[in-house]
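Trainee: pasting a predicted model and its sequence here:
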Amino acid sequence: MKKQPLMQTETRVARTYRGGKLLEEFLGKTNPKDSFYPEDWISSFVEAKNKNGFPGEGISNVLIHGVEKPITDAVTKEDFGPGRTESGVLVKFLHAGERLGIQTHPTPDFSRKHFKSDYGKTECWHILKAAPGAAVYIGFKEGITKEKWSKLFREQDIDGMLNSLHCFQVQEGDTILVRAGTPHAIGAGCFLLEIQEPTDYTMRVEKETLAGEHLTPMQIHYGVGEDALLECFIYEGLSRKKAREKYFLPPRTERNIPHYTTLVTYDDTPCFALGILASGGSIQPDSFVSLVITKGEKLLIGDTSLKVRPGNKIFVPYGCGKITVDDGEIIVCHPPKI
């Protein structure tokens, strides 16, 4: 049977912070509003780790002849490409209506030790829209040690913890790589596409949300304890200049792929790659890819012509053929390097 690209429906996921209005505006919804469902998970084979979650929450649905079906039932190992048996990546839309809590994510070594998982959670944010003054907090400032950070955490000195991190204002088009172990918090007003390793492990240092909800130990550290939580951080203090150079990735053009702009390469991280394919461009993937439409109304995948609109998400199995953008722009999300 000939392989076909799979259009995805919305997969809104509950979180502990409010947001989603800019996401709903982007998707063309009437009466967009913030809620506790601020994320839309894309090409997700991963269940969300929510306090009151339900089986399958977070796993994407795709349309097969107009009928919704879980992506886990629609995709086989062969669809991932040669040498691959799983996706290895998760993509999201995320709109922060308020600042997210200060957090970090585990490295693969930490995950293997504590969660019996081979994946950590290196992630990347590509800013799609930023409200005036929107900012992100990322990376320790110079002089922040484990001892100082631990004291701020034990005392729940939120201002002190925020002041220990670099704060950078962001704008549309910024791309920020957040390697596992890096302290960070996404600020209010950021609407972004996130690509990450396929886990939902978040280690939090704020024990209460901005709305005043007290988080359980499982929500804070998944039961590994506060000492292990503090071990999850990589204590690397940087100057503001060096921090910006490390975390913000410049867009790069590809000489051998016209109309393609690279945002993240496998030299930046082996966990995933990310790029933008613009009008007149085409690529021939050597694995599956996930596409996010940001502009345009038509897309050609192999000999399949698709009518699309901004906000559409497409899982493209390996072997579907060349992807061509006649008029518009798409974000191309690649799986890990093998």
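Mentor: The structure has been received and is ready for your questions. Numbers count the residues shown, from 1 in each chain.
Trainee: the residue nearest the centre of the chain: what secondary structure?
Mentor: The centre of the chain sits closest to residue 194, judged by CA atoms, centre = their mean, with a distance of 2.3 Å. Under DSSP: H, G, I helix; E, B strand; the rest coil, residue 194 falls in the strand class.
Trainee: identify the bridge partners of the residue lying closest to it once chain neighbours are set aside.
Mentor: Once flanking residues are discounted, residue 194 sits nearest to residue 92: 4.5 Å by CB to CB, 6 or more residues apart in numbering. The C-beta positions use only the backbone N, C-alpha and C, and glycine is treated the same way. Beta bridges link residue 92 to residue 41, residue 194, judged by DSSP bridges.
Trainee: you'd agree residue 92 is up against residue 40?
Mentor: Yes. Here residue 92 reaches residue 40: they are 6.7 Å apart, a contact under CB atoms under 8 Å.
Trainee: those two: who's more crowded?
Mentor: Comparing residue 92 with residue 40 by other CB atoms under 10 Å, the one with more neighbours is residue 40, at 26 against 22.
Trainee: quick revisit: separation between the residue nearest to residue 194 and residue 145?
Mentor: Counting by CB to CB, to the nearest Å, the separation of residue 92 from residue 145 is 32 Å.
Trainee: likewise for residue 132?
Mentor: Residue 132 is 35 Å from residue 145, by CB to CB.
Trainee: so between the two, which is more surrounded?
Mentor: Counted by other CB under 10 Å, residue 132 and residue 145 do not tie: residue 145 has more neighbours, with 11 against 7.
Trainee: let me know whether that one touches residue 236 as I believe.
Mentor: No. Counting by CB under 8 Å, residue 145 stays clear of residue 236, with 10.7 Å between them.
Trainee: which neighbours do the two have in common?
Mentor: Common contacts of residue 145 and residue 236 (CB atoms under 8 Å, 6 or more residues apart in numbering): none found.
Trainee: in contact with residue 204, which residues?
Mentor: 101-103, 215, 219-221.
Trainee: how about residue 274?
Mentor: By CB under 8 Å, 6+ apart, the residues touching residue 274 are 124, 126, 175, 195, 262-264, 331-334.
Trainee: run a quick neighbour tally on the closest residue to residue 25 other than its chain neighbours.
Mentor: The shortest distance from residue 25 to any non-neighbouring residue, by CB to CB, 6+ apart, is to residue 32 (4.7 Å). Counted by other CB under 10 Å, the residues lying close to residue 32 total 15.
Trainee: ditto for residue 69
Mentor: Per other CB under 10 Å, the neighbour tally for residue 69 reads 15.
Trainee: tell me which element it falls in.
Mentor: Secondary structure assignment for residue 69, by DSSP states H and E: strand 67-70.
Trainee: what is that strand packed up against?
Mentor: For strand 67-70, the packing partners by 3 or more CB pairs under 8 Å, 6 or more residues apart in numbering; DSSP states H and E come out as strand 61-64.
Trainee: need the contact partners of the strand it packs on.
Mentor: By CB under 8 Å, 6+ apart, strand 61-64 touches 6-9, 11, 68-71, 74, 315.
Trainee: which ones among the contacts of residue 204 lie within strands?
Mentor: Among these, the members falling in strands (DSSP state E) are residue 103.
Trainee: tally of neighbours for the residue nearest to residue 123 when sequence neighbours are not counted?
Mentor: Leaving aside its chain neighbours, residue 123 sits nearest to residue 196 (3.5 Å; criterion: CB to CB, 6+ apart). Per other CB under 10 Å, the neighbour tally for residue 196 reads 23.
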